[in-house]
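Colleague: show me the folded form of this:
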Amino acid sequence: MPKTNSTTTVSLALLGLVAALLAWRIFVTNMSELHIQSEDKGAAPLALSWDRTNAQALFSEGVRIAKADPAQAITYLAAAVRSNPTDGPTYAAIARLKEEGGDLAGAEQAMQAAAQMAPRRVDVQLEAARFWFRRGDIARAMKHMDVVLTFGGSLREQIFPDLLKLAEDPATREIAHAKLLKQRIAWWPQFFNYAAAKATSVETLRALFQMQADGPNAVTTEGLRVYLQRLQRENLWIESYLVWLNNLRKDQLNVIGNLFNGGFEEKISNLGFDWIITPASQVIVDTASTSGATGHEALRVVFRGPRIQFQHVHQYLMLDPGAYSLHGRVRPDNLETSEGIQWSIYCVGNAKALAHSERFTGTDHWQHFTTQFQIPPQDCAVQMLRLELAGRSALDYEAKGAIWFDDISIARQKKD
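Modeller: This next block holds a predicted model:
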């Protein structure tokens, strides 16, 4: 019986000791965490004074002394890895120090571990991308950059200029972009739009456009729009026209004529050689059903009253030199404007119109209209048909009411 009491006493004492040690360990850990979470200057050493295995404190201290004492910094970081073997930022910090110290093999090994341990951490993947760019492995760097741009949308505008430089150089364009485009790239449409606006050479844009063709990153409507606009700004009108044609549906190709979608039965795409509508708060431009329209839709323009120099509907044309006639139907609906609204035809680049249609205002039934015009043989390879308010002073551009158009077409006049 006394022996049993003695054993029980020893067991209780051991349990008490273990409990005390656990309590102390919890206290030490909490104190260490309290210091490191404070983010005060010198917090890491204080945290380590309580707990030498605090991975966050070891990491912070290693980063803090990296420039002054790289060797000791690596010691701290290595200890941090032992305490937390899955922390990607710690491996990345080791990789930077080893690279700076000339241990490239060790740096590569550490950076691989960093990327594996933090597959979606934008900061770590950006470190990995920059590392492999410095090592000259562009294809590998772009895999990490894909992660950065997919999950770090706010960084895109910052990174796109560097990607565009790679695209501008034929030697790096294929490596940086072609292989990547074999899979779905979430940020590609935004980058292509950026390149369309910023590329110094249209050849860069041609190459990028071709790379994405017939793949999982097929051009979006917005991408096609900015590409066509860039070609047009470069006066590459024939190329722009061919690209636009190649992106039409087969049934649309069957109805291509001198003017596209003159019956407004197709949804207006606002790109290429379709109708282009410039939005404005003072006016509504759309297509809608109305009595007397041919088919299901007609063009509707509704003026809300505030002054606007309306020139917000146009279509580019590529008519050969010669005589033509513009035909259409119109129905004004309580349209109040001093000078009326008209169709005008211009040579692109010349502010003087080749011809104006009659002017429309007031209220009327559907009426046909016709306008004759001549395309000159010189300096008029591309034309523009535009709907506009007629006027010579600001007061002329006040309008209220609506007007409808349908069956717009252009026919070549037969020679006598």
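Colleague: so where is the stretch 1-150 of the chain shaky, pLDDT-wise?
Modeller: For the stretch 1-150 of the chain, the stretches flagged by pLDDT under 70 are 1-53, 55.
Colleague: end to end, how far does stretch 388-397 reach?
Modeller: Length of stretch 388-397, first residue to last, C-alpha to C-alpha, to the nearest Å: 10 Å.
Colleague: which parts of that stretch are buried?
Modeller: Judged by neighbour count (16 or more other C-beta atoms under 10 Å), stretch 388-397 contains these buried residues: E388, L389, A390, G391, D396, Y397. All C-beta atoms are positioned from the backbone trio N, CA, C, and that covers glycine.
Colleague: spatially central residue in this protein, please.
Modeller: The centre of the chain sits closest to Q190, judged by C-alpha atoms, centre = their mean, with a distance of 1.7 Å.
Colleague: do you know the pLDDT at L224?
Modeller: Per-residue pLDDT puts L224 at 95.
Colleague: so where does it fall, helix or strand?
Modeller: Per DSSP states H and E, L224 falls inside helix 221-233.
Colleague: give me the buried positions along that helix.
Modeller: Of the residues in helix 221-233, those buried by neighbour count under the rule 16+ other C-beta under 10 Å are G223, L224, R225, V226, Y227, L228, Q229, R230, L231, Q232.
Colleague: got the CA coordinates for it in PDB?
Modeller: Written as PDB, here are the backbone C-alpha positions of helix 221-233 (Å, rounded to 0.1, in the frame of the first residue of the first chain):
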ATOM      1  CA  THR A 221     -14.500  41.200 -80.300                       C
ATOM      2  CA  GLU A 222     -12.700  43.900 -78.500                       C
ATOM      3  CA  GLY A 223      -9.300  42.600 -79.500                       C
ATOM      4  CA  LEU A 224     -10.400  42.500 -83.200                       C
ATOM      5  CA  ARG A 225     -11.700  46.100 -82.800                       C
ATOM      6  CA  VAL A 226      -8.500  47.500 -81.500                       C
ATOM      7  CA  TYR A 227      -6.500  45.600 -84.100                       C
ATOM      8  CA  LEU A 228      -8.500  46.900 -86.900                       C
ATOM      9  CA  GLN A 229      -8.400  50.400 -85.500                       C
ATOM     10  CA  ARG A 230      -4.600  50.200 -85.300                       C
ATOM     11  CA  LEU A 231      -4.300  49.000 -88.900                       C
ATOM     12  CA  GLN A 232      -6.600  51.900 -89.900                       C
ATOM     13  CA  ARG A 233      -4.500  54.400 -88.000                       C
END
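Colleague: and it, what does it pack against?
Modeller: Applying 3 or more C-beta pairs under 8 Å, 6 or more residues apart in numbering; DSSP states H and E, one finds that helix 221-233 contacts helix 188-198, helix 202-212, helix 237-246.
Colleague: measure how the shortest one sits relative to helix 202-212, angle-wise.
Modeller: The reference is to helix 237-246. With axes from the mean of the first three to the mean of the last three C-alpha atoms, to 10 degrees defining the directions, helix 237-246 sits at 10 degrees from helix 202-212.
Colleague: need the residues that contact helix 237-246.
Modeller: Under the contact criterion C-beta atoms under 8 Å, 6 or more residues apart in numbering, helix 237-246 has outside partners 209, 224, 227-228, 231-232, 253, 256, 271-274, 316, 318, 348, 381-382.
Colleague: if we use 7 Å, what do you get?
Modeller: Here helix 237-246 makes contact (C-beta atoms under 7 Å, 6 or more residues apart in numbering) with Y227, L228, L231, Q232, L253, G272, F273, M318, A381, V382.
Colleague: from those residues, which single one is nearest K67?
Modeller: Nearest to K67 among those, counting by C-beta to C-beta, is Y227 at 46.8 Å.
Colleague: list the contacts of the closest one.
Modeller: Contact analysis of Y227 by C-beta under 7 Å, 6+ apart lists A196, L205, F209, V243.
Colleague: from V382, how far off is it?
Modeller: For Y227, the distance to V382 equals 17 Å [C-beta to C-beta, to the nearest Å].
Colleague: one more: E239?
Modeller: 12 Å.
Colleague: higher neighbour count, the two?
Modeller: Legend: neighbour count by other C-beta atoms under 10 Å for E239 and V382, higher for V382 (19 against 15).
Colleague: let me see the contact set for the more buried one.
Modeller: W237, Y316, M318, V348.
Colleague: contacting residues for the third one?
Modeller: Residues counted as contacts of M318 (C-beta under 7 Å, 6+ apart) are W237, Y241, V382.
Colleague: got it, and the second one?
Modeller: Y316 makes contact with F273, V382, M384, according to C-beta under 7 Å, 6+ apart.
Colleague: surely the last one forms part of a strand?
Modeller: Yes: inclusion of M384 in a strand is indicated when DSSP: H, G, I helix; E, B strand; the rest coil is applied.
Colleague: name the nearest residue to it, ignoring sequence neighbours.
Modeller: Excluding the flanking residues, the one nearest M384 by C-beta to C-beta, 6 or more residues apart in numbering is Y346, at 4.9 Å.
Colleague: list the backbone torsions phi and psi for that neighbour.
Modeller: Y346 adopts backbone torsions of phi -130, psi 150, taken as degrees, to the nearest 10.
Colleague: my read: it touches H356, true?
Modeller: No: counting by C-beta atoms under 7 Å, Y346 stays clear of H356, with 10.2 Å between them.
Colleague: how many neighbours does G88 have?
Modeller: By the criterion of other C-beta under 10 Å, G88 has 22 neighbours.
Colleague: which residues touch it?
Modeller: A114, M117, A118, R121, V124.
Colleague: go again using 10 Å as the cut-off
Modeller: Contacts for G88 (C-beta atoms under 10 Å, 6 or more residues apart in numbering) come out as 111, 113-121, 123-125, 127-128.
Colleague: can you go through the residues you listed and name the buried ones?
Modeller: Neighbour-count burial (16+ other C-beta under 10 Å) applied to the contacts of G88 gives M111, A113, A114, A115, M117, A118, R121, V124, Q125, E127, A128.
Colleague: next step: the residues you listed restricted to helices.
Modeller: Among those, DSSP state H puts M111, A113, A114, A115, M117, V124, Q125, E127, A128 in helices.
Colleague: surely D274 is in contact with T287?
Modeller: No: with contacts counted by C-beta atoms under 10 Å, D274 stays clear of T287, the gap being 12.0 Å.
Colleague: quick revisit: and the pLDDT at the residue nearest to the centre of the chain?
Modeller: 95.
Colleague: also G340?
Modeller: Looking at G340, its pLDDT reads 95.
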